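[1] Give me a 3D structure for the following:
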Amino acid sequence: MSEAPISRSGYERKAIITGADSGIGQASAVALAERGFDVGITFHADLDGARETERLVRDRGRRAAVRGHDLTDPERAAAVVEELADELGGLGVLVNNAGTGTSEPLLETDYARWRSVLAVDLDGAFLCAQRAARRMVAAGRGGRIINVTSVHEEYPRVGAGPYCAAKGGLRMLSRVLALELAPYGITVNTIAPGEIATPMTGQEDEPPQPGSRPGYPVDRPGDAREVAAAVAFLADQASSYITGASLFVDGGLSLMGPQAAGALTSDEWRKG
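    Predicted structure coming up:
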């Protein structure tokens, strides 16, 4: 049997991951380093966490570079993509992982807060993807752009209006980019995690506890490494025929409706 065609499969084994100082970003940096990628790491406030990610990448025999990255000023922050690509000597994969959220009703959300969330979660992702794509197109070797969204790219949540709007926007942005970049051998996909045990969900990278989420089909939060495995798959040459897709890594949460599933206190629903 002949080998499957892989268009422009020679993209550089250099990746940039935003928000890689903990959680999904850190786990993704490790997963890509284990697959032979040098990794550019961005962080907002946790320099120690970023340095730990750097150490983990280098322990796996790969190069690492670190930059601070404040996406509340997305135009300035996006320049970091060029800096990291220059230091690493190229760019084949961008993982837009950095994000922030809210926990207040829309009627109590002021415009500054709204704009801040969209700047980080949508504007920043757009500008970083644009910088990365331009570089990939110029290199002529293809590449991968992976945008980490959330189950809330599709399903709403009370108190998370700006976050849901941004993640939904990022999903559609990714699809348009997928159409426009396909001729250059660049794929663009989103990964939509459910509840993952990371600092962002207030769990400080705790091991997920089975049975702790009775309303979820897989009755626990996810582990960051489970999301990182999906990132690694979409970054790989073997995923070359997947573009414009959303990969839900949520333990079946979206089958239940995330808002309702989190409110269930028993698993009686399993009995039909």
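
[2] Please make it C-alpha for all contacts and neighbour counts, starting now.
    OK.

[3] what bridges to the residue nearest to Arg63 when sequence neighbours are not counted?
    Excluding its sequence neighbours, the residue lying closest to Arg63 (CA to CA, 6 or more residues apart in numbering) is Asp38, at 4.8 Å. Judged by DSSP bridges, the bridge partners of Asp38 are Lys14.

[4] So what's the residue count around Asp38?
    Neighbour count of Asp38, defined by other CA atoms under 10 Å: 27.

[5] Which residues lie in contact with it in this structure?
    Listed by CA atoms under 8 Å, 6 or more residues apart in numbering, the contact partners of Asp38 are Arg13, Lys14, Ala15, Leu32, Val57, Arg62, Arg63, Ala64, Leu88.

[6] Would you mind measuring from it to Phe233?
    16 Å (CA to CA, to the nearest Å).

[7] Quick check: phi and psi on the closest residue to Glu34 other than its chain neighbours?
    Once flanking residues are discounted, Glu34 sits nearest to Arg60: 6.2 Å by CA to CA, 6+ apart. As for Arg60, its main-chain torsions (degrees, to the nearest 10) stand at phi -100, psi 10.

[8] okay, Arg60: pLDDT?
    What the model reports as pLDDT for Arg60 is 98.

[9] Name the secondary structure element that contains Pro214.
    Here Pro214 is covered by no helix or strand, with elements defined by DSSP states H and E.

[10] how far away is Ile16 from Ala77?
    Going from Ile16 to Ala77 by CA to CA gives 13 Å.

[11] Which neighbours do these two have in common?
    Counting by CA under 8 Å, 6+ apart, Ile16 and Ala77 have no contacts in common.

[12] neighbour count winner among the two?
    Remark: of Ile16 and Ala77, Ile16 carries more neighbours, 31 against 19, as counted by other CA under 10 Å.

[13] Can you classify the more buried one by secondary structure?
    Counting by DSSP: H, G, I helix; E, B strand; the rest coil, the backbone at Ile16 sits in strand.

[14] sorry, back to before: in contact with the residue nearest to Glu34, which residues?
    Residues in contact with Arg60 (CA under 8 Å, 6+ apart) are Val30, Ala33, Glu34.

[15] biggest helix in the chain by residues?
    Across the chain, the helix with the greatest residue count (assigned by DSSP state H) is helix 161-181.

[16] Show me what counts as buried in the stretch of helix or strand Val227 belongs to.
    According to DSSP H and E, Val227 maps onto helix 224-235. By 16 or more other CA atoms under 10 Å, the buried positions in helix 224-235 come out as Ala224, Arg225, Glu226, Val227, Ala228, Ala229, Ala230, Val231, Ala232, Leu234, Ala235.
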